[in-house]
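**Student:** A predicted structure for the sequence below; I have some questions about it.
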Amino acid sequence: MDLSKFPRKKYTHGSTPIEPMSSLSKILGGDVNLWIKRDDQLGLTGGGNKTRKLEFVMADAVSRGADTIITYGAVQSNHCRLTLSACVKEGLSCCLIVEERVKGSYKEDASGNNYLFRLLGAESIERVDSGQAPAAAEKLAEKLRTEGRNVYVIPGGASDVVGAKGYLACAAEIHHQQFVEQFPKFDALITASGSGGTHAGLAAGMFALRSPTQVIGVSTRFDSTTQTGRIRSLAEKLLVNIGIPDLLPNDAVAVDDAYVGEGYSLPTKGMEEAVTLFARTEGILLDPVYSGKAAAGLIGMVRNGSFPAGSNVLFLHTGGAPSLYHYQPIGHSTAGTAKSKRSAEANSDMNTAEIEEKKID
């Protein structure tokens, strides 16, 4: 799998760490060995999985002479934050379209990512109704082009064939780390599965490397049938694009939709428990919409016996912690030390904090 022929920026020095989660493993019974790939430590403002995608997308934009980037996401979009940060690095203008997917959820002076949009200096921030962002982005692009601007539009999540190469690269990085750092063979890799580029890139990458690691996506929005089709389609396009036209086997794309809850971004008890457990056992911050629900999936799978005793399971941390500050009620109702949490965990019934129904992309 040779990605060297594709233009690429470098926003992170070296590889992101792979670390054992010994305390969390112990709380969950100690039969499954849990590990974490720290893509929350990727470069650009606040880190997160979009940085890997943007290395390829921004290189493509710069190679085409772009002077202005337009992209879109939801009200608390991690993707918009990181795209804007990359534009700052590259000296490009950046215009953001934010979808208000829950009526009344957008507030111009909100904290979290919305604050960072202003701090990082977005040229414009346009609010649109749910589902209107792609059309609004194209309309704005047409307007700016008539003014002589060279505009490049990045789709939501940078989840296209260009951006998803970032997670082909991540699959190769994990494979390399297993050999060089002598990590055990990972039986499964758990990731959030949302716009699809991360999941598709990992699935295609592990297949291309002939790795035995099973990639399991925890859906944050769609039912498993819909999401499986979306991931498979993008993964197969990726393979063709890099010169590997082999069809993915049926078991190469796995999606678990049991942790979506009532809908995309809407809080669940499982997510709140996962965010709190990761913070109080491993000192790791998750976000409520992607890594939080993916972690709820990881915890649920361990508890229901999805992994045989002795398995080594790798969790991909996709970042998003800057948005957590917008959801501050999480964890307030379970104040206490990690030690007390561990001793009470087996019988605890975590309270659900009231959280505004706001969205992140």
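**Tutor:** Great, that's in hand.
**Student:** What residues does Ala296 make contact with?
**Tutor:** Going by Cβ atoms under 8 Å, 6 or more residues apart in numbering, Ala296 touches Val218, Tyr259, Thr268, Gly270, Met271, Glu273, Ala274. (C-beta placed from N, C-alpha, C; glycine too.)
**Student:** Pro245 too?
**Tutor:** Contacts here follow Cβ under 8 Å, 6+ apart; on that basis Pro245 touches Leu239.
**Student:** Find the helix or strand that it is a member of.
**Tutor:** Here Pro245, judged by DSSP states H and E, is contained in no helix and no strand.
**Student:** One more: Cys87?
**Tutor:** Assigned by DSSP H and E, Cys87 belongs to helix 78-90.
**Student:** Now do that helix: distance to the chain's middle.
**Tutor:** 15 Å (Cα atoms, centre = their mean, to the nearest Å).
**Student:** That helix packs against which elements?
**Tutor:** Judged by 3 or more Cβ pairs under 8 Å, 6 or more residues apart in numbering; DSSP states H and E, the packing partners of helix 78-90 are helix 50-63, strand 68-74, strand 93-100, helix 113-119, helix 321-324.
**Student:** Recalculate using a threshold of 7 Å.
**Tutor:** Helix 78-90 sits against helix 50-63, strand 68-74, strand 93-100, helix 113-119, with contacts defined as 3 or more Cβ pairs under 7 Å, 6 or more residues apart in numbering; DSSP states H and E.
**Student:** buried sites along it?
**Tutor:** By 16 or more other Cβ atoms under 10 Å, the buried positions in helix 78-90 come out as Asn78, His79, Cys80, Arg81, Leu82, Thr83, Leu84, Ser85, Ala86, Cys87, Glu90.
**Student:** hang on, the third one packs against Cys95?
**Tutor:** No - in this structure, Cys80 is not within contact of Cys95 by Cβ atoms under 7 Å, at 10.1 Å.
**Student:** And the strands in this structure, which stretches?
**Tutor:** 18-20, 33-38, 68-74, 93-100, 124-129, 151-154, 188-193, 214-219, 254-256, 312-317 (DSSP state E).
**Student:** In its sheet, which strands sit next to the third one, and in what direction?
**Tutor:** Using DSSP bridges, the neighbouring strands of strand 68-74 in the sheet come out as strand 93-100 (parallel), strand 151-154 (parallel).
**Student:** Would you map the helices across the stretch 201-350 of the chain?
**Tutor:** Shown for the stretch 201-350 of the chain, the helices assigned by DSSP state H, counting those that start in this stretch span residues 224-241, 269-282, 291-303, 321-324, 338-344.
**Student:** List the buried residues of the third one.
**Tutor:** Okay, so that is helix 291-303. Of all the residues in helix 291-303, those buried under the rule 16+ other Cβ under 10 Å are Ser291, Gly292, Lys293, Ala294, Ala295, Ala296, Gly297, Leu298, Ile299, Gly300, Met301, Val302.
**Student:** mind giving me TSV with the residues you listed and columns for pLDDT and distance to Gly243?
**Tutor:** Converted to TSV, these look like this (pLDDT from 0 to 100; distance: Cβ to Cβ, whole Å):
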residue	pLDDT	distance to Gly243
Ser291	97	32
Gly292	97	37
Lys293	97	34
Ala294	98	31
Ala295	98	35
Ala296	98	37
Gly297	98	33
Leu298	98	33
Ile299	98	39
Gly300	98	38
Met301	98	34
Val302	98	38
